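Trainee: I'd like to go over a predicted model; first the sequence, then the structure.
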Amino acid sequence: MQETYLALAGNPNSGKTSTFNQLTGSLQSVGNWPGVTVERKSGALRKNKSVIIQDLPGIYSLSPYTPEEIVARDYLLNEQPHVIMNIIDGSNLERNLYLTTQLLEIGVPVVVGVNMMDVVKKSGKRINLEKLAYGLQTDVVGMSALKKQGLDELIRHSLHAAEKFPPETAYPTYDPRLEAALGEIMDILGNTVPQKQARWFAVKLFEQDPVVNQQVDLSKIQQKEIAEIIAITEQIFNDTSEAILINERYEFIARLVALCATNDKEWSLSASDKIDQIVTHRFFALPIFALIMWGIYYLSIQTIGTMGSDWLNDVLFGSIVPEWTQQTLISWHVAEWMQQLILNGILSGVGAVLGFLPQIVVLFFCLSLLEDCGYMARIAFVMDRLFRKFGLSGKSFIPMLIATGCGVPGVMASRTIENEKDRRLTVMVTTFMPCSAKLPIIALIAGAFFPNSSWVAPSAYFLGITAIVLSGIALKKTRLFSSDPAPFIMELPAYHLPQLKNVGHQTFDRGWSFVKKAGTIIFVSSILIWFASSFDFLLRPAEANESILARLGQVIAPIFAPLGWGHWQGTVATLTGLVAKENVIGTLGVLYGQIPEVSENGVEIWGQMHMHFTAAAAYSFLAFNLLCAPCFAAIGAIHREMANKKWTWLAIGYQCGLAYGVSFLLYQFGHVIFEGGELSIGTIFAVILLLVMIFAICRRPKAQENHQPFVQMVKGSEH
């Protein structure tokens, strides 16, 4: 059976990925910021498996300035799908049609899907689809991806367009003087480029696209003739070639919108605009964000999530599973050492990690609600105002939002940042955000040492943001990272009720990823940790304090003594956390689980931790594990994005150094202020370190640059 390839293309937040999910049954993440689909995704049509749909990244144009644009452009030009399904947001018709004018020039049939027609109707606007189709000279279909309206018609028109041979293509026509110039360039190109793409290459050569100039093999005579045509046209229009094309596109779009769109209502602020007047307010935005994040962590760590975790820890992994497992092993006459491995190694390690699953599920359910309703897009805009003051753009905050799920995709999302220095700086600091793997550490410290303090969990989130902001200030003043912040254009979709299907899918994916890691990496790590904590170097059974793990930890432990936890248990837990951050909890579960006094419900582990940690030391331990080098998988992602060993080691060194410095300050000052500790040489060094950090943040850069703010907030509705 011959396959038909349909490509989905459109602006970010036009509903392209939602359309893909409805047509293929695939459940990709639907986000409200650029970079959700950084690479193209493929899926078969539900009702016809021979129809393959490619979901291209959301883009605003086909100029190859960002990774998303490069992915989309390369696919459309080189792999030539049968039809392009261009999804546009009907409530933002003029802006979305700019990409449409470029897609029509590629030489591939285009079917336009005008999405969100329900939103258009509610706003009092009307779009005459027949007139729009006449103006574009291609099929146009009204639809609503979320309400599953018009999707069958979109596919029917697309398949009909794919069956036509030769394929019918049309493109916008502009000022006759520009058309004459493009026609001459097409004649000069001749057979140098494929005939059906001649218009595309003529346009790109006219606007002097550097990639196309290198791609097309032109003779010196051809190059000279084209250059003369461009120079003459620029003189006629008294403008640059690129500006001429941009202006002509927008004039074409303005005429088209005037032809097909009307508005029955007088202009007034929409509900989204009224909400944004508060949540993006210059003074109220950050306090509101802080309050919302406090509420989310309060629900997940202190209340609802804790109920589920308490049951898992105290009942399921505290008595039911261990008792059943022990009885089963005894009835099977399993060797004593194997029983100890399974009970004190695997169950203690894996169970300690899985016990925090309810808290993780509640946290990511809440975050998914915020993402799906459109609030998180506003936070990226708000953070741009903050980040830009420190030399970074709001684009740097998007990877950090993604990193709250996992550091690996967070680091990879930095690809959307064009500025090389900004991208490297973002890669270096993104993993300061607490990911799902770090949540159990936050929950453990909050529950064991601050059970009645709801500020501890959200403080970990804002500790990460603070580390990012202050790092940006300090590092941007160095020669390695000094540069102007990249412009940031962020589309803000209209607020809408969250789609529970999308929210449930994202929550399940993140939770399942956590469970899989517990069943693989943590499972193997727990076995190794149990072995190393149960035997000495001669492979003889040994007490925990005499084990391989203890001996290794005791060698390194003095390094962490100034941080308040210079004992081998905390040291070993931190080191195993480099494999996977969940290992911190798994390691403590194995180590403390072997203490004879610990009962089955595991509450005594908290008591054993109090023997090794004070409250200040525990928070220092938490801070270090939040800020230090991430897990091996994230380090691998950092290496791939840096594409340089020196930069990778610089990133890891900075993360570990900052983690050590922050934890040192927190313990030294916390011990004196809150625990009545005496002033010591450590306190003096802490004061000196604090002054050095303040100097690094406040000093003037050697070459003071005049950074001009540039941020554009694109609303989800036109007025």
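Mentor: Structure's in. What do you need?
Trainee: Please name the nearest non-neighbouring residue to the residue positioned nearest the centre of the chain.
Mentor: Ranked by distance to the mean C-alpha position of the chain (C-alpha atoms, centre = their mean), the top residue is Ile402 at 2.7 Å. Nearest non-adjacent residue to Ile402, counting by C-beta to C-beta, 6 or more residues apart in numbering: Gly410, 4.4 Å away. Heads up, the C-betas are built off the backbone N, CA and C, glycines and all.
Trainee: same thing with Cys366?
Mentor: Ile296 is the one closest to Cys366 (C-beta to C-beta, 6+ apart), at 4.4 Å.
Trainee: cool, and Ile652?
Mentor: In space, Ile652 is closest to Ala629, 4.7 Å off (C-beta to C-beta, 6+ apart).
Trainee: Repeat that for Phe317.
Mentor: Gly351 (3.6 Å).
Trainee: which secondary structure elements does the host helix or strand of that neighbour contact?
Mentor: Taking DSSP states H and E as the definition, one finds Gly351 inside helix 348-354. The contact analysis (3 or more C-beta pairs under 8 Å, 6 or more residues apart in numbering; DSSP states H and E) places helix 348-354 against helix 500-519, helix 521-534, helix 582-593.
Trainee: Please enumerate residues in contact with that helix?
Mentor: With contact meaning C-beta atoms under 8 Å, 6 or more residues apart in numbering, helix 348-354 is reached by 312-313, 317, 321, 440, 515, 518-519, 522-523, 525-526, 529-530, 582, 585-590, 593-594, 602.
Trainee: Can you flag the buried ones in those?
Mentor: 312-313, 317, 321, 440, 518, 522-523, 525-526, 529-530, 582, 585-590, 593-594, 602 (16 or more other C-beta atoms under 10 Å).
Trainee: what are the ranges of the strands in the stretch 401-550 of the chain?
Mentor: In the stretch 401-550 of the chain, the strands defined using DSSP state E, counting those that start in this stretch lie at 488-491.
Trainee: Hmm, I typed the wrong one, I wanted the stretch 251-400 of the chain.
Mentor: 261-263.
Trainee: where along it do the helices fall?
Mentor: 271-279, 285-297, 304-311, 321-331, 336-340, 348-354, 357-373, 375-389, 397-403 (DSSP state H, counting those that start in this stretch).
Trainee: same check, this time on the stretch 101-250 of the chain
Mentor: Counting by DSSP H, counting those that start in this stretch, the helices of the stretch 101-250 of the chain are 117-122, 129-136, 151-163, 176-189, 198-206, 210-215, 220-237, 241-260.
Trainee: Let me have those helices in CSV, extended by mean pLDDT and distance to Phe364.
Mentor: Listed next are the helices of the stretch 101-250 of the chain as CSV, based on pLDDT from 0 to 100; distance: least, C-beta to C-beta, whole Å:
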stretch, mean pLDDT, distance to Phe364
helix 117-122, 85, 28
helix 129-136, 94, 39
helix 151-163, 94, 29
helix 176-189, 93, 51
helix 198-206, 92, 43
helix 210-215, 84, 39
helix 220-237, 93, 53
helix 241-260, 92, 40
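Trainee: Was I right to think Ala446 contacts Trp455?
Mentor: No. Between Ala446 and Trp455 no contact is recorded; they are 9.3 Å apart, counting by C-beta atoms under 8 Å.
Trainee: Counting neighbours, go ahead and name the busier of those two.
Mentor: More neighbours surround Ala446 than the other of Ala446 and Trp455, with 27 against 13 (other C-beta atoms under 10 Å).
Trainee: show me the contacts for that one.
Mentor: With C-beta under 8 Å, 6+ apart, Ala446 has these contacts: Ile301, Gln302, Ser453, Val456, Ala457.
Trainee: Show the contacting residues for the last one.
Mentor: It refers to Ala457. So, once contact is read as C-beta under 8 Å, 6+ apart, Ala457 ends up touching Tyr297, Tyr298, Ser300, Ile301, Gln302, Ile442, Ala443, Ala446.
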